[in-house]
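>>> structure for the following, please:
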Amino acid sequence: MRGPGRDDGPPFAEPWQAQAIAIVARLQETGAIGAAEWSNALGAAIRAAQAAGDPDDGSTYYHHVLAALETLVAAKGLAGLGELATMKAAWTEAYATTPHGQPVTLRPRG
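The predicted structure is shown next:
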């Protein structure tokens, strides 16, 4: 199993996991979110998932990171929930239609 604090593999199983962490780091660097805000949001996302039956084995950690990031971005007005949903759908489509081994990129909107 991979994840934070694990020695049996790389910390990120998928590129999106590293990208989510990088976005959090950048938002903290720019002062858009504070460390305590991030900690509280991530803790709340983990608690909500555990209350809903999350296996609590580390396999879903980055899903909690993403949920916390989306919540903070929306709460701070950095992007609306609709915009986040639209972008998530665009990335899902891009991922599903990109040939194996090729970089995943978004098609221009318009």
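
>>> dump the residue contacts of the residue nearest to the spatial centre of the chain.
Most central in the chain under Cα atoms, centre = their mean is residue 66, positioned 2.5 Å from the mean C-alpha point. Residues counted as contacts of residue 66 (Cβ atoms under 8 Å, 6 or more residues apart in numbering) are 16, 20. C-beta: built from backbone N, CA, C; applies to glycine.

>>> for it, helix, strand, or coil?
Local secondary structure at residue 66 is given as helix here, using DSSP: H, G, I helix; E, B strand; the rest coil.

>>> so that it lines up with my notes, have the first residue be 26 from now on.
Yep, numbering from 26; the last one is residue 91 now.

>>> measure it to residue 118 for me?
Relative to residue 118, residue 91 is positioned 17 Å away (criterion: Cβ to Cβ, to the nearest Å).

>>> was I right to think residue 98 contacts residue 106?
No. Between residue 98 and residue 106 there is no contact under Cβ atoms under 8 Å: 9.2 Å.

>>> more neighbours, those two?
residue 98 (21 against 11; other Cβ atoms under 10 Å).

>>> what about that one, distance to residue 56?
Distance from residue 98 to residue 56, by Cβ to Cβ: 14 Å.

>>> could you pull out the helices for the protein?
40-54, 60-76, 86-100, 106-122 (DSSP state H).

>>> most tightly packed of those?
helix 86-100 (a mean of 19; mean count of other Cβ atoms under 10 Å).

>>> by how many degrees do that helix and helix 40-54 diverge?
In terms of direction (axes from the mean of the first three to the mean of the last three Cα atoms, to 10 degrees), helix 86-100 departs from helix 40-54 by 40 degrees.

>>> distance check, residue 66 against residue 133.
Remark: distance between residue 66 and residue 133 (Cβ to Cβ) = 32 Å.

>>> just checking, residue 53 touches residue 66?
No. Applying Cβ under 8 Å, one finds residue 53 not in contact with residue 66, separated by 11.8 Å.
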